[in-house]
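A.B. asks: Provided below are the primary sequence and the corresponding predicted coordinates.
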Amino acid sequence: MGAVSEEPVKAAFEPLLQFEMDMRTFLSDWQHCDQLSTFVARMISHNRTDPIRHSNFFSFALNELLEVSFRGGAPEGRIYCTAYRLDSTERLKLSFTCLPGQEEFYREAVSKTHGEDAVARYLGAISTELAPDREVVLLDLAINFDADVRLESCTPDSITFVVDLPLEGTIS
């Protein structure tokens, strides 16, 4: 008879909702960022402790991530987004076609969200009067939402972000 494993089974993130859209259509109107984030947030927040608060925070975070794809996306291909949940954490997985050479920019921007100087970089960036760039948006998610931002995969023409947001009970 075989040995019984003593290791606990790790729970997996469960998919809640996903959408995909033609990238050219997505990029045709800035309002798509807000419309999609509001819809997804309302759909997945109904069973949280404070659904309105959760929806507002989730919508803001997703909108910021969609804006990253809006500013750096290429009109070819598709944009894919899936929302997952594991206990008190929401996971966003966003894949989109990007302009040639963007992979290195995104790798550096994501690594800066984990750096010791992330807060200082963020505060310095938001103190200017310039519109926030994609790096600042990723720093905003990491600092203000305690999000874990990472890249899951990259190809020369596409990128996949994975963002874990511990929204339930951590933001007051």
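C.D. replies: That came through fine.

A.B. asks: C-alpha coordinates for whichever strand or helix holds Leu141, PDB please?
C.D. replies: Leu141 belongs to helix 134-144 when assigned by DSSP states H and E. Coordinates of each C-alpha in helix 134-144 appear next as PDB, following Å, rounded to 0.1, in the frame of the first residue of the first chain:
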ATOM      1  CA  ARG A 134       1.900  52.800 -17.200                       C
ATOM      2  CA  GLU A 135       4.700  52.300 -14.600                       C
ATOM      3  CA  VAL A 136       2.900  54.600 -12.100                       C
ATOM      4  CA  VAL A 137      -0.400  52.800 -12.600                       C
ATOM      5  CA  LEU A 138       1.300  49.500 -11.700                       C
ATOM      6  CA  LEU A 139       2.900  51.100  -8.700                       C
ATOM      7  CA  ASP A 140      -0.500  52.500  -7.600                       C
ATOM      8  CA  LEU A 141      -1.900  49.000  -7.700                       C
ATOM      9  CA  ALA A 142       1.000  47.600  -5.600                       C
ATOM     10  CA  ILE A 143       1.000  50.400  -3.000                       C
ATOM     11  CA  ASN A 144      -2.600  51.500  -2.600                       C
END
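
A.B. asks: pull out the buried residues from the helix or strand following that helix.
C.D. replies: As assigned by DSSP H and E, the chain's next helix or strand after helix 134-144 is strand 148-155. Residues of strand 148-155 classed as buried by neighbour count (16 or more other C-beta atoms under 10 Å): Asp148, Val149, Cys154. The C-beta positions use only the backbone N, C-alpha and C, and glycine is treated the same way.

A.B. asks: ok so, going back, roughly how far is the helix holding Leu141 from the heart of the chain?
C.D. replies: 10 Å (C-alpha atoms, centre = their mean, to the nearest Å).

A.B. asks: now for that helix, which elements pack on it?
C.D. replies: Packed against helix 134-144 by the contact rule (3 or more C-beta pairs under 8 Å, 6 or more residues apart in numbering; DSSP states H and E) you find helix 51-72, helix 102-112, helix 118-126, strand 148-155.

A.B. asks: what's the mean pLDDT across the first one?
C.D. replies: The reference is to helix 51-72. On average, the pLDDT along helix 51-72 is 93.
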